[in-house]
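Q: Need a 3D model of the sequence below.
(2 chains)
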Amino acid sequence: MSLEEYKGVFIFAQQVDNEVSSIALELLGKAKELAADLDEKKVTAVLIGSGVSGLVDELAEYGADRVIVVDDPELKEYRTEPYAHALASVINEYKPEIMLVGATAIGRDLGPRVSARVATGLTADCTKLEIGDFPLVAVPGHEDEQKHKQLLMTRPAFGGNTIATIACPNHRPQMATVRPGVMQKAAPTKGAKAEVVNYNPGFTPNNMYVTIEEVVKEVSNVANIMDAKVLVSGGRGVGSPENFEMLKELAACFKGGMVSCSRAVVDSGWMPKDMQVGQTGKTVRPHVYFAIGISGAIQHVAGMEESDIIIAINKDENAPIFEVADYGIVGDLNKIVPELTKKIKAEQEAKANA
Amino acid sequence: MKIVVCIKQVPDTKGGVKFKPDGTLDRAAMLAIMNPDDKAGLEAALRIKDEDPENTEVTVLTMGLPKADDVLREAIAMGADKGLLITDRVLGGADTWATSSTIAGALKNMEYDLIITGRQAIDGDTAQVGPQIAEHLQLPVISYAEEIKVDRDAKTVKVKRQYDDRYHILTAKLPCLVTALAELAEPRYMTPGGIFDAYDNQDLVTVWGRDKLDVEDKNIGKAGSPTVIAKASDKVAKGKGETVTPDSPAAAVDYIVGKLEEQHVI
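A: Prediction:
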């Protein structure tokens, strides 16, 4: 089979409880950009689930030209095997050049299994994707061996200490999982329609199917920190769970403001894991990120350094957070934060009355 | 019941990241440790063994350089029965596909009811090798396990698995592969007697080269790796902004509010 038979950018349109996950829309945004640099411009979303055809229009509005729907009762709740069978069958049937999957709890389980099944490479947790040449610079005398229009996949490794750009020159599809919150959704086109293809490879349970005994939903009490416009993030330096109240008051001053935290805070049991920013938590890119009492371990920085404006308050002038902060303030957060909240409220009121 | 735990020797990136004067990562100066997720997986295996020590055998397997023998000895000192080191020059430079093909090639020549791997290694962070081994062996996989319970009579394993906003209680038939989170189990310490035995008895660790593996040449090493590194670099830190030390909290507040207004945030 020749590599040229593989065409188009495909994305795995993750849905949970028949709601499209944000990552699917982010992948569509990126897929559109990548397709613009390729010969085949069509972007295909692969939608897998049970009773999910109602989600097609949303995918179309965010950039899918075609939606391949695999709809089967076996696919109601995510399980590795029927989903891997569905996605691998779609790949074998429709031969994408590029297959993007979200680096979510589901995607990081599904991606490796599928890549092993269709015998191609997979690059995990990418933070940047672009089309380019491989090798990046042609070897002198071997210019004709340089491959063009390859997917170049960039990812952090070594706990965020290094970055590597990876290619998959001799296998198709070129597969990547992509960190949620990194790629941008396109602005939706209201009323856009996609070509819909229904495809069912047949599902016969075998030894690889696991049985779901129970699904326990943990109460998701708050909105997702990845959607916040302003994040007021606290570290161990905040001192106690009670002190997070003053962070909440500051966050409440801003439209789309929320509180998040560092791993140390989660480990201490002060805040739930959902609120954690960093390598083992979430990647966030709000407009403003307040790092309050956060020392700035490299694992934390990896999850927030893409924020537009980073403001850090810490009593230790040598804290590494000051290396990435746009505005660093050495001082006592317990005194500064309540005053800051008061002052911002006053300014906002003054402006509202002006 | 035979359990195989796959472990990896990794440089310790947590807290102890060392840089050379030129700013690049100094791997030689970093401690080589047993990958934390793998260690939790080993602990889970040892707890299963504790339930019925006479009828449970825990084998630890690693692929790496000859010095990876150290992590196998550590695992044996913690309570594993024996170790298998897969090492061969031709296996070097493998990506996750080639690594998982190679380890599956060893497992095809071993007996197992349950395979446990760590979710991911702290050097690569890919979380791919476990699920890929399962695919090569056509086994069910349950990744990101927080709890593992084995039913020896029914020959099943019951696992608690976390997703973003929920967890699943899943049952799989044995043989099965489970990937473990570091949170799964706090690893036990090595015992003095265990350390003595682990290092005294050389026979506890078997070494396999390429010829012992049931895998095709096209699927191993650098040549068998679909992915290729186009460029690797130490991360360029975001440019440092300004840091100020105001005289008073009020001065700090004025500074911050000034910047927020300058940036049109308020």
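Q: Could you tell me which ranges of the stretch 251-354 of chain A sit under the pLDDT cut-off?
A: Judged by pLDDT under 70, the stretch 251-354 of chain A has no weakly predicted residues.
Q: rerun at 80
A: Scanning the stretch 251-354 of chain A for pLDDT under 80 picks out the ranges A:354.
Q: Get me the contact residues on it for chain B.
A: Proximity of the stretch 251-354 of chain A to chain B (Cβ under 8 Å from any Cβ of the partner chain) is limited to residues A:253-254, A:274, A:279, A:287-288, A:297-299, A:305, A:309-311, A:313, A:317, A:322-332, A:335-336, A:339-340, A:343-344, A:347-348, A:351. (Each C-beta comes from the backbone N, C-alpha and C, glycine too.)
Q: Name the SS class of B:Leu61, please.
A: Assigned with DSSP: H, G, I helix; E, B strand; the rest coil, B:Leu61 falls in the strand class.
Q: What residue, apart from its backbone neighbours, is nearest it spatially?
A: What sits nearest to B:Leu61 in space, not counting adjacent residues and going by Cβ to Cβ, 6 or more residues apart in numbering or on different chains, is B:Leu84, at 4.6 Å.
Q: Quick check: which ranges of chain B have low pLDDT?
A: Flagging of chain B using pLDDT under 80 yields the residue ranges B:12-31, B:164-165, B:183, B:232-240.
Q: Could I get the full set of helices for it?
A: Assigned by DSSP state H, chain B shows helices spanning B:36-51, B:69-78, B:96-107, B:129-137, B:192-200, B:249-262.
Q: so which of the ones you listed gets nearest A:Tyr62?
A: Closest approach to A:Tyr62 among those (Cβ to Cβ): helix B:129-137, 28.4 Å.
Q: now the helices of chain B in JSON lines, with distance to A:Ala13 and mean neighbour count?
A: Below are the helices of chain B laid out as JSON lines (distance: least, Cβ to Cβ, whole Å; neighbours: other Cβ atoms under 10 Å in any protein chain shown):
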{"stretch": "helix B:36-51", "distance to A:Ala13": "29", "mean neighbour count": "23"}
{"stretch": "helix B:69-78", "distance to A:Ala13": "40", "mean neighbour count": "23"}
{"stretch": "helix B:96-107", "distance to A:Ala13": "24", "mean neighbour count": "25"}
{"stretch": "helix B:129-137", "distance to A:Ala13": "21", "mean neighbour count": "27"}
{"stretch": "helix B:192-200", "distance to A:Ala13": "50", "mean neighbour count": "14"}
{"stretch": "helix B:249-262", "distance to A:Ala13": "38", "mean neighbour count": "17"}
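Q: closest one to A:Val182 among those helices?
A: Per Cβ to Cβ, nearest to A:Val182 of those: helix B:96-107, 20.7 Å.
Q: rewinding a little: filter the residues of the stretch 251-354 of chain A next to chain B down to the buried ones.
A: Buried subset of these (neighbour count, 16 or more other Cβ atoms under 10 Å in any protein chain shown): A:253-254, A:274, A:279, A:287-288, A:297-299, A:305, A:309-311, A:313, A:322-331, A:336, A:339-340, A:343-344.
Q: Please report how far the closest residue to A:Glu323 other than its chain neighbours lies from B:Leu114.
A: Nearest residue to A:Glu323, sequence neighbours excluded (Cβ to Cβ, 6+ apart): B:Lys240, at 5.4 Å. Separation of B:Lys240 from B:Leu114 (Cβ to Cβ, to the nearest Å): 50 Å.
Q: For the two, indicate the residue with more neighbours.
A: Shown here are B:Lys240 and B:Leu114; by other Cβ atoms under 10 Å in any protein chain shown, B:Leu114 has more neighbours (25 against 12).
Q: okay, now the nearest residue to the more buried one once chain neighbours are set aside: neighbour count?
A: Once flanking residues are discounted, B:Leu114 sits nearest to B:Ile3: 4.8 Å by Cβ to Cβ, 6+ apart. As a burial measure, B:Ile3 scores 25 neighbours (other Cβ under 10 Å).
Q: give the contact list for the residue lying closest to B:Gln120 once chain neighbours are set aside.
A: Excluding the flanking residues, the one nearest B:Gln120 by Cβ to Cβ, 6+ apart is B:Ala127, at 3.9 Å. Contacts for B:Ala127 were tallied using Cβ atoms under 8 Å, 6 or more residues apart in numbering or on different chains; they are A:108, A:112, A:124, B:119-120, B:143, B:179.
Q: May I see the residues you listed organised as JSON lines, with distance to A:Pro205 added?
A: Formatted as JSON lines, the contacts of B:Ala127 follow (distance: Cβ to Cβ, whole Å):
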{"residue": "A:Arg108", "distance to A:Pro205": "24"}
{"residue": "A:Pro112", "distance to A:Pro205": "21"}
{"residue": "A:Ala124", "distance to A:Pro205": "29"}
{"residue": "B:Arg119", "distance to A:Pro205": "26"}
{"residue": "B:Gln120", "distance to A:Pro205": "29"}
{"residue": "B:Ser143", "distance to A:Pro205": "19"}
{"residue": "B:Thr179", "distance to A:Pro205": "22"}
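Q: In strands, which of the residues you listed appear?
A: Under the assignment DSSP state E, the contacts of B:Ala127 contribute A:124, B:143, B:179 to strands.
Q: Which one of those sits in the busiest neighbourhood?
A: B:Thr179 (30 neighbours).
Q: Cross-check the contact I'm expecting between that residue and B:Ile133.
A: No. If you go by Cβ atoms under 8 Å, B:Thr179 and B:Ile133 don't touch, sitting 9.5 Å apart.
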